[in-house]
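1. sequence below, structure please.
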Amino acid sequence: MSASLGARYRGVVEYDGTDLFGFQRQATGRTVQGELETALGRIGWRGQAVLGAGRTDSGVHAVGQVIAFDFDWRHSPADLLRALNANLPADIAVRALEVCAPDFHPRYSARGRRYRYTISSQPVRSPLSARYCWQVWPPLELEGLRAASAVVLGRHDFAAFGSDPERGANTVRTVAVAEWHAAPGGWQTFEIQAEAFLFRMVRSLVGALRRVGQGAMTVTQFEALLASRDRAQCPPIAPPHGLCLVEVVY
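-> Model (predicted):
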């Protein structure tokens, strides 16, 4: 069945962020938003902008980024999905596409975002996985990671771990999930969900948690770092390639 003219479409996008300069369109460099708009333009779209749920940084990946755009498309959403993917580069794909409410906004309608950070605790680097994980050695102690992660649950001022993406002074966020999981072969993942995140907040948390996992910082010191609200005290942040936007919750 064809969608009505001028419909708003909601899509779920997956991308390998290695060679991309983040989601948001930039003056120079490839971005997810820019590539999506270029692909849509090739099939007749004349809109102003593709909207996104999150402004992922350069090098950050996604399997659950959500987008929306308006389009006078005369065929079915399935046809639009095929046409769009046929014009996107190999490192970006739209996984699902549907007509949505005209007032849907992927960012402002969202109730939460869930990210996953992947760590490989191996003494030797793996070229096949290097694009998608942070190689950390010595290995991280899981009990300390879990104890420190429990500290961030709930509503806190996370100024020590990031800045307001709107360039304001609101650094308070509510974290609903902060969990570490281990898998055979030295793999560890950090899952975190909040209604929204500060700029570089997840990577800053992982950078500090790594110190806890290696015994260089105690859970008490980590808690004091959170309470300090002092960005200057935060350890170096984790690299972007281990981070992935997994899901946007509505």
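
2. the protein: helices as residue ranges?
-> Assigned helices in the chain, in chain order: 32-42, 77-86, 142-151, 201-213, 219-228 (criterion: DSSP state H).

3. what's the angle from the second one to helix 32-42?
-> Computed by axes from the mean of the first three to the mean of the last three C-alpha atoms, to 10 degrees, the angle separating helix 77-86 from helix 32-42 equals 110 degrees.

4. what does helix 77-86 rub up against?
-> Outside helix 77-86, the residues that touch it by C-beta atoms under 8 Å, 6 or more residues apart in numbering are 3, 9, 11, 36, 39-40, 43, 71, 73, 93-94, 96-99. Quick note: C-beta positions are derived from backbone N, CA and C, even for glycine.

5. now, those that are in strands?
-> Of the contacts of helix 77-86, the ones assigned to strands by DSSP state E are 9, 11, 71, 93-94, 96-99.

6. can you list the domains in the chain?
-> Described in terms of automatic domain parsing, the domain architecture of the chain consists of the residue ranges 7-100, 112-249.

7. dump the residue contacts of Leu20.
-> Neighbour list for Leu20: 29-32, 35, 58-59, 91-92 [criterion: C-beta under 8 Å, 6+ apart].

8. err, Gly154, not the other one
-> 174-175.

9. okay, and the beta partners of it?
-> Counting by DSSP bridges, Gly154 forms beta bridges with Val175.

10. measure how buried the residue lying closest to Glu37 once chain neighbours are set aside is and give me the count.
-> Nearest non-adjacent residue to Glu37, counting by C-beta to C-beta, 6 or more residues apart in numbering: Val50, 5.4 Å away. By other C-beta atoms under 10 Å, 24 other residues sit near Val50.

11. how much space between Val50 and Arg25?
-> According to C-beta to C-beta, to the nearest Å, Val50 and Arg25 sit 9 Å apart.

12. if I look at these two, which residues touch both of them?
-> Joint contacts of Val50 and Arg25 (C-beta under 8 Å, 6+ apart) are 33, 37.

13. name the nearest residue to Val177, sequence neighbours excluded.
-> Leaving aside its sequence neighbours, Val177 sits nearest to Gln193 (C-beta to C-beta, 6+ apart; 4.0 Å).

14. ok, Ala208 next?
-> Distances taken as C-beta to C-beta, 6+ apart put Pro235 closest to Ala208, at 5.2 Å, once the chain neighbours are dropped.

15. what's near enough to touch the one you found?
-> Contact analysis of Pro235 by C-beta under 8 Å, 6+ apart lists 207-208, 210-211, 217.
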